[in-house]
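**Student:** model this:
(2 chains)
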Amino acid sequence: DTGVSQDPRHKITKRGQNVTFRCDPISEHNRLYWYRQTLGQGPEFLTYFQNEAQLEKSRLLSDRFSAERPKGSFSTLEIQRTEQGDSAMYLCASSLRGQLEGEQYFGPGTRLTVT
Amino acid sequence: KNQVEQSPQSLIILEGKNCTLQCNYTVSPFSNLRWYKQDTGRGPVSLTIMTFSENTKSNGRYTATLDADTKQSSLHITASQLSDSASYICVVSAGTGNQFYFGTGTSLTVIP
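**Tutor:** Okay, here's the model as predicted:
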């Protein structure tokens, strides 16, 4: 499977715990995006990488959230001191600059439930 | 303010019937517009992508239209199937194509 993969697919955690999600983009894609989606809503942009550089962060990304893409390949999204409001689907997408500009391929998402 | 609005919010149709979903946007400067299909609990999957100069694009039973003057797009689904039941999301990108604005989606249910 050469699509975008995310791990884990589901995560249940207690309030106050830290969680980390992983995204593996399509191998030749240099752009990687993180989104958050709550039930009945469209995805909301969180942050975006071009190669290893984090070029843009949404104001939705509070100081409890941090994302990395250390080698320009896979990325991690960490949420510290989780709150119940963090419960959502976290989607990762990747794209290739210069090819069908803006065409994003999404992963299956990680569903986070904070109890 | 850059916004994407979709209508209707939800729709129920009989299998075999056609339907049209609407997307209005105020995003500027416009780069391209995509329609995605999102099955419950899954990531969105691209159906069509349209640039400023394109008016119509088809992908099987899906046909998207774009009117850049009125900033409106529609997604027409022909001869609906039960597997078409999903959320359909309109996404408009701005600038160099790297700022994305998502609609809240239309939830389509196809019943036998």
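**Student:** drop to CA atoms for contacts and neighbour counts, all remaining ones
**Tutor:** Noted.
**Student:** okay, the lowest-mean-pLDDT helix or strand in chain B in PDB with CA atoms only?
**Tutor:** For chain B, using mean pLDDT, DSSP states H and E, the weakest element among its helices and strands is strand B:99-102, scoring a mean of 84. What follows is strand B:99-102, C-alpha atoms only, in PDB (Å, rounded to 0.1, in the frame of the first residue of the first chain):
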ATOM      1  CA  GLN B  99      -3.900  27.400   1.900                       C
ATOM      2  CA  PHE B 100      -7.000  25.100   2.200                       C
ATOM      3  CA  TYR B 101     -10.500  26.100   3.200                       C
ATOM      4  CA  PHE B 102     -12.900  23.200   3.900                       C
END
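**Student:** for chain A, give me the ranges with low pLDDT.
**Tutor:** A:1-2, A:98-102 (pLDDT under 70).
**Student:** hey, where'd the strands end up in it?
**Tutor:** Taking DSSP state E as the test, the strands found in chain A are A:5-7, A:10-13, A:19-24, A:31-37, A:44-50, A:53-57, A:65-68, A:75-79, A:88-95, A:105-106, A:110-114.
**Student:** out of the ones you listed, deepest packed?
**Tutor:** Of all the strands of chain A, strand A:88-95 has the most neighbours on average by mean count of other Cα atoms under 10 Å in any protein chain shown, namely a mean of 26.
**Student:** what is it packed up against?
**Tutor:** Packing contacts for strand A:88-95, counted by 3 or more Cα pairs under 8 Å, 6 or more residues apart in numbering or on different chains; DSSP states H and E, involve strand A:31-37, strand A:105-106, strand A:110-114.
**Student:** now the ones you listed in TSV, with distance to chain B?
**Tutor:** Shown next, in TSV, are those (distance: least, Cα to the nearest Cα, whole Å):
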stretch	distance to chain B
strand A:31-37	10
strand A:105-106	6
strand A:110-114	8
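**Student:** residue contacts, the closest residue to residue A:60 other than its chain neighbours?
**Tutor:** Sequence neighbours aside, residue A:46 is the residue nearest to residue A:60 in space, at 6.3 Å (criterion: Cα to Cα, 6 or more residues apart in numbering or on different chains). Applying Cα atoms under 8 Å, 6 or more residues apart in numbering or on different chains, we find residue A:46 in contact with A:33, A:34, A:35, A:36, A:57, A:58, A:59, A:60, A:61.
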